[in-house]
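J.: below are the sequence and a predicted model; questions follow.
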Amino acid sequence: MPCPVAFPNSLSGPEPALVPHPVELAALFQQFVRYWSGSECKYRPGDHSLFLEKPAELYVHWAGSIRGVLHLRVPRLFLEELADCWALQKLNFPSLEALFREMGVLFSVYLMHSLWVDEFFEMGPIITRPSKTPEGPEGSPRVTCALEVDRQPVEIGLWMETSRKAVS
């Protein structure tokens with residue numbers, strides 16, 4: 001009797017990863033924000049580069065089976081409102097930057113798990129870097145989207161390699 005389970009032809013891992021569509025990236029962020037903070041979030045189609053005065057910016061770099069960089073750009077007021085939300089639940093962060101890093105790392109893990117995790121997936125280190133100047137990868141992000149979270153604008157950019165690589 002033939003085995004009903006399909007086995008891969010090699011042990012090199014799955015096929016190249018798919019780059020998410022901006023709507024998919026926005027939908028995943030909406031789901032994450034709704035779960036993590038209870039905030040309402042809506043997608044702003046075609047509005048991928050908002051003008052934010054003195055924004056807080058964060059780059060989240062990760063390695064592993066998929067290598068990528070997530071860039072989040074938000075107004076400081078967004079972080080202050082988020083901190084107030086968490087303070088009501090008696091979960092205080094030491095600073096707005098710590099709250100932003102927590103959100104960035106958790107969203108990155110959620111993004112990886114939602115899009116690319118399978119039996120061959122390996123997650124490497126995740127490093128956050130607050131930024132006052134652009135220090136992301138060269139070139140434009142592969143995917144961008146803009147959203148509104150409780151009436152506050154949020155920009156997301158994603159750079160990534162399109163083929164999976166084993167962790168060194």
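T.: Sure, I can see it. Everything numeric here is computed off the predicted structure, so don't read it as measured data.
J.: tell me where the protein is predicted with low confidence.
T.: Applying pLDDT under 70 to the chain flags the ranges 1-17, 47-52, 89, 119, 132-136, 162-168.
J.: could you pull out the helices for it?
T.: 22-37, 76-88, 96-115 (DSSP state H).
J.: check the gap between the residue positioned nearest the centre of the chain and residue 94 for me.
T.: Nearest to the mean C-alpha position of the chain, by CA atoms, centre = their mean, lies residue 108 at 3.9 Å. Remark: distance between residue 108 and residue 94 (CB to CB, to the nearest Å) = 21 Å. Glycine gets a C-beta too; all of them are placed from N, C-alpha and C.
J.: out of the helices of the chain, which gets nearest to residue 45?
T.: Shortest distance between residue 45 and the helices of the chain, using CB to CB, is found for helix 22-37: 7.6 Å.
J.: what residues of the closest one count as buried?
T.: 22, 24, 25, 26, 27, 28, 29, 30, 32, 33, 36, 37 (16 or more other CB atoms under 10 Å).
J.: on that earlier part again, the helices of the chain: which one's closest to residue 60?
T.: Nearest of the helices of the chain (CB to CB): helix 96-115, 4.4 Å.
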